[in-house]
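*Asks:* sequence and predicted structure are below.
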Amino acid sequence: MNTTVNQNPGTAPHRHTRSCWWNPDQAGWVCVPTVPTVPTVPGTSAAPAREVVDVRDMLVVHTALLREFRLAPAAVDRVVPGARGRAAAVDRHLGLLCDLLHHHHAGEDELLWPPLRDRLPRSALDRLDAAEEQHAGLDAALDAVATARRRWRERVDVETRDALTAALRTLHALLAEHLDDEERTLLPLAATHLTTAEWEAVGAAGAAAVPRSQLPLVFGMFAYEGDPEVLAGMLAQAPALPRVLVPLVAPRVYARRALQVHGTTRP
């Protein structure tokens, strides 16, 4: 795969940076240009150009969430009526997924959207408004899944199983639409309007919301399809021992959970 492309004849070839990523759906690169030099008052020094913020860690999280919510209805469907132990195991995984999604969006609501709203041009605010409306719809879908989960746990029968799978499919459809819009329209804006510290605060808030005992499993979910370079960056601020051990342990932890919930270590 080439690392340079000539996007405009007569100009120097573009060299991919850490802020570029390969989109398999488009069979092409998604590239966000470097933020141009900020104009200054005449007679003063120009502010230096800066590289855009590396937002690929968000893509890793999105990929894992989409995969697991896509697989969730089938995992529920495989539970035969009356198999309460099996239902409890699948429901435990659903609870983790729903908590991850809730905290992921709470972090965006608190730490991502407000600074973007202050800095985006008025012409781009409709994208942010749409994302916030989608979050509200996803919150309602999560509530519907929570209700369906509770009823299924109580009865573990065909009727409650089918209601839960329907609620999960609705949630996945809404999530797929939202994440696609976010990646195409808002992540490039976040990359060019936020500082690295502001972006890292979003990820730190998400990590802090995960119980410590669940961190290897969650990182294993991310690592299953995640870019190794991005995954290493996500652990960069961790203490030395976890930074070494988690990449070794996490894939095996996730494989065990996948076998238990999806019936295979390679879902």
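*Replies:* Perfect, thanks for sending it.
*Asks:* centre of the chain to stretch 224-236, how far?
*Replies:* Between the centre of stretch 224-236 and the centre of its host chain there is 13 Å, according to Cα atoms, centre = their mean, to the nearest Å.
*Asks:* any idea how far apart the tips of that stretch sit?
*Replies:* Start-to-end span of stretch 224-236 (Cα to Cα, to the nearest Å) is 19 Å.
*Asks:* next one: stretch 216-230
*Replies:* End-to-end for stretch 216-230, by Cα to Cα: 16 Å.
*Asks:* and the pLDDT for residue 237?
*Replies:* For residue 237, the model assigns a pLDDT of 84.
*Asks:* how is it assigned, secondary-structure-wise?
*Replies:* coil (DSSP: H, G, I helix; E, B strand; the rest coil).
*Asks:* that one: neighbouring residues, count only.
*Replies:* 11 (other Cβ atoms under 10 Å). In this view, the C-beta of every residue, glycine as well, is placed from N, C-alpha and C.
*Asks:* just residue 70 next, same as before
*Replies:* Residue 70 has 16 neighbours, counted by other Cβ under 10 Å.
*Asks:* next, count neighbours for the residue lying closest to it once chain neighbours are set aside.
*Replies:* Of all residues not flanking residue 70 in the chain, residue 172 sits nearest, at 5.5 Å (Cβ to Cβ, 6 or more residues apart in numbering). Using other Cβ under 10 Å, residue 172 has 19 other residues around it.
*Asks:* by contact count, what packs against the helix or strand residue 172 falls within?
*Replies:* Using DSSP states H and E, residue 172 sits in helix 158-181. Packing contacts for helix 158-181, counted by 3 or more Cβ pairs under 8 Å, 6 or more residues apart in numbering; DSSP states H and E, involve helix 56-77, helix 125-155.
*Asks:* can you say which of those is nearest to residue 224?
*Replies:* Of all those, it is helix 56-77 that lies closest to residue 224, at 6.9 Å by Cβ to Cβ.
*Asks:* so for the closest one, mean pLDDT?
*Replies:* Rounded mean pLDDT across helix 56-77 is 98.
*Asks:* give the buried residues for it.
*Replies:* Neighbour-count burial for helix 56-77, counted by 16 or more other Cβ atoms under 10 Å, picks out 56-66, 68-73, 75-76.
*Asks:* wait, isn't residue 218 in contact with residue 209?
*Replies:* No - using Cβ atoms under 8 Å, residue 218 is not in contact with residue 209, being 10.2 Å away.
*Asks:* which of those two has more neighbours?
*Replies:* residue 218 (22 against 14).
*Asks:* which other helices and strands does the helix or strand where that one lies contact?
*Replies:* Counting by DSSP H and E, the element that carries residue 218 is helix 215-223. In terms of contacts (3+ Cβ pairs under 8 Å, 6+ apart), helix 215-223 is packed against helix 56-77, helix 84-107, helix 228-234, helix 240-262.
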